[in-house]
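In: Sequence plus the predicted model coming up.
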Amino acid sequence: MKLELNELQQWIYDLIYNNNSIYKFEDWIYYNDNIMTYISYDDYIDLISIDYKDKYARGNLLRIIDQYVDYGVFESINLIRLLEKCLDKNLNFDQLALIYQEFYYMYCNGYTFLDELGITYGLACIVPPSKFSSNDWDKLRDTEKEEIINSFYPEVKVYIENAIELIVEEKIVLTGCKNELER
């Protein structure tokens, strides 16, 4: 699997995952000399014909460029970035807890290879163990949050690295598509 993006794909990725402004994308379309290396002339005409102020502009844009994007690669890149964030020492405990909670929700939505990250670590950030002052993460004292997150390391690093390896080595291939249950 090639986890590299060309310039168009990077713009679309940033539009989808980083909530970049559609107006920045519009400017890029108009001022990029080599846009035609990525898309057909007809699709270029369709892109510059979009009214980017219209509330349906994003959907219209995605329909046009859909054929040029591998959403599975997008999903893989996004998940790897999320996994790597768990190893970032600059994140605070609430930021890390949100990521671990996301792993739990992803596990529940079919990312079964995230079972350990989701159930063991993510669920502990949703419903903290009973020895703490609350069963709600947001009501815990900062020292308790710190204790929970610190208890994950260094063991969680093995699960993070394993998940990244599964994706990079294509032992797990994300499609970027929802299943029949819309998950």
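Out: On my side now, so go ahead.

In: Just the residues contacting the one helix or strand residue 82 maps to, thanks.
Out: Using DSSP states H and E, residue 82 sits within helix 71-85. With contacts defined as Cβ atoms under 8 Å, 6 or more residues apart in numbering, helix 71-85 is touched by 1-3, 5, 9, 12-13, 16-17, 91, 95-96, 99, 102-103, 106, 111, 160, 163-164, 167-168, 173-177. C-beta: built from backbone N, CA, C; applies to glycine.

In: can you tell me which of the residues you listed are in helices?
Out: Mapping the contacts of helix 71-85 onto helices (DSSP state H) picks out 9, 12-13, 16-17, 95-96, 99, 102-103, 106, 160, 163-164, 167-168.

In: Any of those residues buried? List them.
Out: Applying a neighbour-count criterion of 16 or more other Cβ atoms under 10 Å, the buried members of these are 9, 12-13, 16, 96, 99, 102-103, 106, 160, 163-164, 167.

In: Enumerate the positions of stretch 43-58 that are buried.
Out: Neighbour-count burial for stretch 43-58 [16+ other Cβ under 10 Å]: 43, 46-47, 50, 52, 57.

In: Tell me the one of those nearest residue 37?
Out: residue 43 (12.3 Å; Cβ to Cβ).

In: Please report the distance of the closest one from residue 67.
Out: 8 Å (Cβ to Cβ, to the nearest Å).

In: Likewise for residue 89?
Out: 41 Å.

In: Looking at those two, which one has more neighbours?
Out: Taking neighbours as other Cβ atoms under 10 Å, residue 89 and residue 67 compare with residue 67 leading, 9 against 4.

In: Just the pLDDT for the more buried one.
Out: Note on residue 67: pLDDT of 91.
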